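J.: pasting a predicted model and its sequence here:
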Amino acid sequence: KYQQGIRDRAAVRIEGGEILRVEAHPIPEHPRPWRVKDRATLIGDAAGYVTKCSGEGIYFAAKSGRMCAQSIVERTEGGTRMVDDRDLYDYINKFDAK
């Protein structure tokens, strides 16, 4: 019903148009083999955190982002030290344990 409403409103604008190409991003079904490199880490669907059957990833993006940020805050010891890859694995290990 909702999609039909969008189609009805867009019909005049797309009438006579042609599809040039169809693109889609593959949904990762498993966590990536590496999710931390140096001082960078993957979160959300980039890390492979999605629901396999639906492709839903917003919840996991928010959860993993928050967990990563909390780990960084804890590991910087109040901003007195720089994080390294071992510190970022703290977030990975906590996320994987849940």
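T.: Received the coordinates, thanks. The model shown is predicted, which means the values in this text are computed figures rather than measured ones.
J.: any idea how far F95 is from the residue most central in space within the chain?
T.: Against the mean C-alpha coordinate of the chain, by Cα atoms, centre = their mean, the closest residue is G44 at 2.4 Å. With distances taken as Cβ to Cβ, to the nearest Å, G44 is found 11 Å from F95. Glycine gets a C-beta too; all of them are placed from N, C-alpha and C.
J.: which neighbours do those two share?
T.: Residues within reach of G44 and of F95 at once, by Cβ atoms under 8 Å, 6 or more residues apart in numbering, are S64.
J.: so what's M67 up against?
T.: 91, 94-95.
J.: doesn't it lie inside a helix?
T.: Yes. With DSSP: H, G, I helix; E, B strand; the rest coil as the criterion, M67 is part of a helix.
J.: correct me if wrong: A47 contacts R32.
T.: Yes. Contact criterion Cβ atoms under 8 Å: A47 and R32 qualify, at 5.7 Å.
J.: for the two, indicate the residue with more neighbours.
T.: Neighbours were tallied for A47 and for R32 using other Cβ atoms under 10 Å; the higher tally belongs to A47 (23 against 12).
J.: then the helix or strand bottoming out on mean pLDDT in the chain to CSV, C-alphas only?
T.: Every helix and strand in the chain was compared by mean pLDDT, DSSP states H and E; the lowest is helix 2-14, with a mean of 82. Only the C-alpha atoms of helix 2-14 are listed here, as CSV (Å, rounded to 0.1, in the frame of the first residue of the first chain):
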residue,chain,number,x,y,z
TYR,A,2,2.7,2.5,1.0
GLN,A,3,4.9,1.6,-2.0
GLN,A,4,1.9,2.0,-4.3
GLY,A,5,1.4,5.5,-3.1
ILE,A,6,5.0,6.4,-3.9
ARG,A,7,4.6,4.8,-7.4
ASP,A,8,1.4,6.8,-8.0
ARG,A,9,3.0,10.1,-7.0
ALA,A,10,6.2,9.4,-9.1
ALA,A,11,4.4,8.1,-12.2
VAL,A,12,4.2,11.4,-14.0
ARG,A,13,7.9,12.1,-13.4
ILE,A,14,9.2,8.8,-14.5
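J.: chain center to that helix, what's the gap?
T.: 30 Å (Cα atoms, centre = their mean, to the nearest Å).
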